[in-house]
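Undergrad: how does the following fold in three dimensions:
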Amino acid sequence: MRHNKKGLKLGRTKSHRKALLSNMASSLLLHKEIKTTHAKAKELRRFTERLITYGKKNTTHARRLAFKFLRRKNTVKILFDEVAPIYEKRQGGYTRIIKLGNRVNDNAPIVLIQLVDAISFDDKKNKEKNKEKNKSKE
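TA: Below you'll find the predicted structure:
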């Protein structure tokens, strides 16, 4: 029986799967969107949404739980300082999966997974950089 067995195996061992999801979650938090296969994106969504929920709590324990999964201090800092404050009022659904078609060589379905409010976040960040550049020119 398959009681309480959540998640896809993705054709990998447990350690390989954990490393894959950790690296993909770090990339998603850094770049705000990544291209991947549909199966990987669906698994990545579970972990990324949990990490953003940890970021919203903003406690020492939540930081330790996030670091346990991400294993990178700079990514945890980005998660808690930049990404999580955007989602303070949102009750879930932090990621979006957009289907792009199939890959040419093996016909695997390719998707774009992105953080929902990342576009507005990047716009704010670019405006702040432009203000700083303008101040330094004057």
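Undergrad: so for K135, what's the pLDDT?
TA: What the model reports for K135 is a pLDDT of 70.
Undergrad: actually, D81.
TA: pLDDT for D81: 95.
Undergrad: point out where this protein drops to low pLDDT.
TA: 119-131, 133, 137-138 (pLDDT under 70).
Undergrad: the helices in it, which residues?
TA: Remark: helices assigned in the chain by DSSP state H are 14-31, 38-57, 60-70, 73-78, 118-137.
Undergrad: give me the contacts around stretch 91-111.
TA: With contact meaning CB atoms under 8 Å, 6 or more residues apart in numbering, stretch 91-111 is reached by 28, 35-38, 41-42, 44-45, 48-49, 52-53, 87, 112-116. All C-beta atoms are positioned from the backbone trio N, CA, C, and that covers glycine.
Undergrad: related to what we said a few turns ago, hey, which of the helices of the chain is tucked in deepest?
TA: Each of these was scored by mean neighbour count; the highest is helix 38-57, a mean of 19, by mean count of other CB atoms under 10 Å.
Undergrad: using PDB, list the CA coordinates for stretch 89-99.
TA: Output in PDB follows, covering the C-alpha atoms of stretch 89-99 (Å, rounded to 0.1, in the frame of the first residue of the first chain):
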ATOM      1  CA  LYS A  89      -0.800  39.500   2.700                       C
ATOM      2  CA  ARG A  90      -1.000  36.500   0.300                       C
ATOM      3  CA  GLN A  91      -2.300  33.200   1.800                       C
ATOM      4  CA  GLY A  92      -0.500  30.900  -0.600                       C
ATOM      5  CA  GLY A  93      -0.100  30.400  -4.300                       C
ATOM      6  CA  TYR A  94       3.300  32.100  -4.500                       C
ATOM      7  CA  THR A  95       4.300  30.400  -7.700                       C
ATOM      8  CA  ARG A  96       2.900  30.100 -11.200                       C
ATOM      9  CA  ILE A  97       3.600  27.400 -13.800                       C
ATOM     10  CA  ILE A  98       3.300  28.400 -17.500                       C
ATOM     11  CA  LYS A  99       3.400  25.700 -20.200                       C
END
